[in-house]
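Student: sequence and computational prediction follow.
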Amino acid sequence: MVDSVIAQPPLHRTHWGIEITDLAGRVRLERNAERLFSAASNAKLATMAAAMELLGPEFRWTTTMEARGIADGVAQAVVVAGSGDPTFSDHFHDDPLAPLDSMADSLAAAGVRRIAGPLVVSQALFDSLLVHPAWETYDLDWYYAAPVAPFAVMEGAYPVVITPRAVGTEATVELPVPLARTDARIVTVEGDRGWNDDLRRIAGTDSVVLRGVIGAGAGPDTSWLAQDAPGRFAGRALVAALERKGIAVEGPVVVTRHPAQLALPGDVGARVVWRSAPLGDLAPIVLEQSDNWVAEQILKTLGAEHGEAGSWSAGTAVIESFLAERVGVDPGAVYLRDGSGLTGQTLLTPRALTAILRYAAGRPWGARFRDALPSPGEAEGTLEDRLEGRGERIAAKTGTIRHVNSLSGYAVAPGGEVLVFSILTHASGRPASEVRRAMDRIVEAILDNGS
C-alpha cells in the first residue's frame, strides 16, 4: 500500500521518509527512515517534549515590575523585567492586554500616582536577535514570524482590519489596538477577493504603508502584522494601562538589554509580580494550533534556563542534548535551527521523530502531550478537515512550509494497539493539498491494517 502511494505520479518525484513502529520501538515499516528531512512544524514535537521534560508542565514565567525612588506617590523610574512569557495573548485572556491592566492596578494599589522618569523595559533574558536569520524575508511581516523577545504582548503582532466600501472608493482601515500607525490607501474593487497584502514597513517604527485592493464582497479582512519592536510596543501598552489606572507617566519608554548601565535613581519601593499560566497549558497552542511564536519563546526560555543564553543557538543545543542523552536519538539524525520549523534548515529523520513520540508516551506528562496533538475534526486544530471519521484513533502533528509536508503521531491500529508513525516529505513540486491526501492514505492504511 505505502509503495503504491509514494510511487504514484506525479508524487513519485517527491522525497519520502516514513517509519512506523510500536511503542516498544519494533519497526513495522520504514522507507528512508534514517535520512534527514526538513521537518516543518514537526520540529515542535522536539521543542515541546524538551520543554515538558526539562522545564516541567507546571513551569511558569514570572514577569516583574519595580518602581524605584518612591516619595509622596511619585516614582523616579519603573523597570519591567521580561521573562519570555508567551501568555500575554488572547489564548489566555479575552483582552490580551489584561495582564498589563492587572500589573498597573497593583502598582496603583501600592500608592504610586506618578512616574517622573523612564519606564524601562529590560530585555536582558534573551539575546538581541529578534527574528531568525534563516526565516524567509516575506514571512517577517506577518504574525507567524513575529519577533521573539522577553517582554512582548499579543504574540509580537497586532491586527489590522480592512473593510471594503463602494467600488472605486478607499477601504476603511482600523487598528483595534492603537499602538501602531498605518499609511493606508486600499481601493475597493469588484469581486470578493481579500486584501492582496501590499505592505511596506517604515524602518525603526511600528508604522507600515498599506496599499493594494480588496473586493467589495470580501467583508472585513483582518490581517495580523508582526510588530517592529515588541519591547517598545509592550512598553507603550503598559504606559496606556498605567494611565488608565490614574498613574501619569512623564518619562520615555526605554528598551534595553543592559538595565544596570542606566544607573537608575533610588531604591526599589514597590514590586509587582505577574506569573503566567503553566507551561502544560501551552502544549495545545504549540502542537494542536501550531503556533510558531510560542514555540520560539519556549525554545529561548530553554536556552536561558538550561543553556548558555536565551538564544536560538543555546535553545537548540539544549534540545539536541535532550534528544541525544535522554531520548537516545543519534545526534546525526537532528539538526535544529529554530523551535518551530519555520525554516527549512531545521532537519530531523523519521526515526528521530518516532523516538521522541515513544519517549513522550512513557513520561508522566505523556498523556498531556498526546492530548495536545491535533486530531481529525477538532475545531482550530490543523487536522480539522483531514482524515474524516478517524478522530478517536489518531493524534498527530502536521507540518507545512513550501514544498515540505510532514505528519507524525500516534495511531490506534485494529485491535487497539498504539502505533507511532512519522511521514516526512519534501521537494514534491506539487500543491500541499495533493501531498497531504497521499499522506492521509498512508495513515488510513495504518489505521485499517496496522501498517
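Tutor: Structure received. Residues are numbered from 1 along each chain as shown.

Student: what strand or helix carries residue 78?
Tutor: strand 77-81 (DSSP states H and E).

Student: just the helices in this structure please.
Tutor: Under the criterion DSSP state H, the chain contains helices at 2-6, 43-54, 98-109, 230-244, 283-287, 292-306, 312-322, 350-361, 366-371, 432-449.

Student: residue 73: which of these is closest?
Tutor: Nearest to residue 73, of all these, is helix 98-109, at 9.8 Å by Cβ to Cβ. In short, each C-beta sits where N, CA and C put it, glycine included.

Student: what is the closest one packed up against?
Tutor: Applying 3 or more Cβ pairs under 8 Å, 6 or more residues apart in numbering; DSSP states H and E, we find helix 98-109 packed against strand 62-68, helix 230-244, strand 268-275.

Student: please identify the most buried of these.
Tutor: Counting by mean count of other Cβ atoms under 10 Å, helix 230-244 has the highest mean neighbour count of the helices and strands packed on helix 98-109, with a mean of 22.

Student: on that earlier part again, closest to residue 264 out of the helices of the chain?
Tutor: Of the helices of the chain, nearest to residue 264 by Cβ to Cβ is helix 230-244, at 15.2 Å.

Student: ok, residues contacting the closest one?
Tutor: Residues from elsewhere that reach helix 230-244, judged by Cβ atoms under 8 Å, 6 or more residues apart in numbering: 65, 80, 82, 88, 97, 100-101, 103-104, 107-108, 115, 119, 121, 123, 130, 146-147, 149-153, 156, 158, 177, 179-180, 206, 227, 249, 253-255.

Student: I'd say residue 424 and residue 37 touch.
Tutor: Yes: in this structure, residue 424 is within contact of residue 37 by Cβ atoms under 8 Å, at 3.9 Å.

Student: neighbour count winner among these two?
Tutor: The neighbour count for residue 424 versus residue 37, taken as other Cβ atoms under 10 Å, is higher for residue 424 (30 against 27).

Student: so residue 381 sits right up against residue 372, yeah?
Tutor: No: look at residue 381 against residue 372 with Cβ under 8 Å: they stay out of range, at 9.9 Å.

Student: between the two, what contacts are shared?
Tutor: Common neighbours of residue 381 and residue 372 (criterion: Cβ under 8 Å, 6+ apart): residue 288.

Student: please enumerate the shared neighbours of residue 424 and residue 37.
Tutor: Common neighbours of residue 424 and residue 37 (Cβ under 8 Å, 6+ apart) are 17, 348, 349, 350, 406.

Student: what about those, which are in strands?
Tutor: 17, 348, 406 (DSSP state E).

Student: low-confidence stretches in the stretch 351-451 of the chain?
Tutor: Scanning the stretch 351-451 of the chain for pLDDT under 70 picks out 450-451.

Student: next one: the stretch 1-150 of the chain
Tutor: Ranges of the stretch 1-150 of the chain meeting pLDDT under 70: none found.

Student: switch the cut-off to 90
Tutor: 1-9, 11-12 (pLDDT under 90).

Student: restricting to C-alpha, output stretch 222-237 in CSV.
Tutor: Below are the C-alpha coordinates for stretch 222-237, written out as CSV (Å, rounded to 0.1, in the frame of the first residue of the first chain):
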residue,chain,number,x,y,z
THR,A,222,-8.3,41.0,9.4
SER,A,223,-4.6,40.7,8.9
TRP,A,224,-2.1,40.2,11.8
LEU,A,225,1.1,42.1,11.2
ALA,A,226,4.4,41.5,13.1
GLN,A,227,5.4,44.2,15.5
ASP,A,228,8.6,46.0,14.6
ALA,A,229,10.0,46.1,18.1
PRO,A,230,8.0,44.1,20.6
GLY,A,231,9.6,45.6,23.7
ARG,A,232,8.7,49.1,22.6
PHE,A,233,5.2,48.0,21.7
ALA,A,234,4.7,46.3,25.0
GLY,A,235,6.1,49.3,26.9
ARG,A,236,3.7,51.6,25.2
ALA,A,237,0.9,49.2,26.0
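
Student: what sits against residue 116?
Tutor: Applying Cβ under 8 Å, 6+ apart, the residues near residue 116 are 74, 75, 76, 77, 250, 251.

Student: distance of the nearest residue to the first one once chain neighbours are set aside from residue 76?
Tutor: I take that to be residue 74. In space, residue 74 comes closest to residue 114 once its chain neighbours are excluded; the distance is 4.7 Å by Cβ to Cβ, 6 or more residues apart in numbering. Counting by Cβ to Cβ, to the nearest Å, the gap between residue 114 and residue 76 amounts to 10 Å.

Student: coming back round to it: off-centre distance for the strand holding residue 78?
Tutor: 26 Å (Cα atoms, centre = their mean, to the nearest Å).

Student: helices or strands up against that strand?
Tutor: strand 62-68, strand 119-122.

Student: which of those strands sits closest to residue 341?
Tutor: Nearest to residue 341 among the helices and strands packed on strand 77-81 is strand 62-68 (27.4 Å), distances taken as Cβ to Cβ.

Student: and the closest one, which strands flank it?
Tutor: Strand 62-68 pairs in its sheet with strand 77-81 (antiparallel), strand 268-275 (antiparallel), by DSSP bridges.

Student: redo the helices and strands packed on helix 98-109 as a markdown table? Include distance to residue 432.
Tutor: Converted to a markdown table, these look like this (distance: least, Cβ to Cβ, whole Å):
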| stretch | distance to residue 432 |
| --- | --- |
| strand 62-68 | 38 |
| helix 230-244 | 30 |
| strand 268-275 | 39 |
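
Student: of all the ones you listed, which lies closest to residue 32?
Tutor: helix 230-244 (39.9 Å).

Student: what is the neighbour count of residue 400?
Tutor: Using other Cβ under 10 Å, residue 400 has 17 neighbouring residues.

Student: ok, what's across the strand from it?
Tutor: Where residue 400 sits in a bridge, its partners, by DSSP bridges, are residue 405.

Student: in contact with it, which residues are there?
Tutor: Counted by Cβ under 8 Å, 6+ apart, residue 400 has contacts 40, 41, 406, 432.

Student: now the third one: closest residue in space, sequence neighbours ignored.
Tutor: If I follow you right, that is residue 406. residue 399 is the one closest to residue 406 (Cβ to Cβ, 6+ apart), at 3.5 Å.

Student: against residue 78, how distant is the most far-flung residue of the chain relative to its centre?
Tutor: Residue farthest from the centre of the chain, counting by Cα atoms, centre = their mean, is residue 72 at 43.0 Å. From residue 72 across to residue 78, the span is 16 Å (Cβ to Cβ).

Student: go on, residue 7?
Tutor: 64 Å.

Student: looking at the two, which one has more neighbours?
Tutor: residue 78 (28 against 10).

Student: who are the neighbours in contact with the more buried one?
Tutor: The contact partners of residue 78, taken as Cβ under 8 Å, 6+ apart, are 65, 66, 67, 68, 107, 115, 118, 119, 120, 249.
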